[in-house]
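In: Below is the sequence, then the predicted model.
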Amino acid sequence: MASKAVKTVAKAVAEYQYPWKEKLAKHKNELTKGVWGYWKLGAWTPLHISGRRRARLRKEVLLAGEDWPYDPERKEMRTKMKGHKCDRIAAERRAKTAKLMEQMPEMLLAYKKRRCSKKIAFVLELFHLLKGF
């Protein structure tokens, strides 16, 4: 008698080992429509399976080692960091300033040459005007 009971329990356990397969087959059509719901004839229709039950079913399937194809596609990660802009670009500004300070002697020399050539051009123009009198 006891062996019969053990066989019955073992059979029940073996049949109930993968309850998620039945649930997945039952809700497969609903899960393909989206994670939160879907648009039907211009109206938003939520899923007929709740989020809690959907999450529990997903967890059971993943723990059994199967794949879960009903998750939405993931977006790219943000490359822009949070925080104040002045904190983010301060190092860039300091690097740019250091680079410009290295170029400063050439820039000053070019400025002096431009200024000197303008003065010479002005003096020559003035000289030609005065020569005509």
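Out: That came through fine. Since the model is a prediction, treat every value here as computed from it, not as a measurement.
In: Domains in this structure, by residue range?
Out: 2-63, 84-133 (automatic domain parsing).
In: In terms of mean pLDDT, which of those domains ranks lowest?
Out: For these, mean pLDDT drops lowest on domain 2-63, to a mean of 81.
In: Okay, now stretch 39-57: how far is its last residue from its first?
Out: 23 Å (Cα to Cα, to the nearest Å).
In: ok, and what's touching stretch 45-52?
Out: H27, E30, L31, K33, G34, V35, W36, G37, Y38, W39, R54, L57 (Cβ atoms under 8 Å, 6 or more residues apart in numbering). The C-beta positions use only the backbone N, C-alpha and C, and glycine is treated the same way.
In: Taking the residues you listed, tell me the two that lie furthest apart.
Out: Using Cβ to Cβ, those span at most 23.4 Å, a distance reached by W39 and L57.
In: out of these two, which sits in the more crowded spot?
Out: L57 (20 against 10; other Cβ atoms under 10 Å).
In: looking at it, M81 is touching D87, isn't it?
Out: No - counting by Cβ atoms under 8 Å, M81 stays clear of D87, with 9.5 Å between them.
In: hey, where'd the helices end up in the chain?
Out: 2-15, 19-31, 51-63, 85-131 (DSSP state H).
In: could these go into CSV alongside distance to Y70?
Out: Formatted as CSV, those follow (distance: least, Cβ to Cβ, whole Å):
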stretch, distance to Y70
helix 2-15, 25
helix 19-31, 5
helix 51-63, 8
helix 85-131, 38
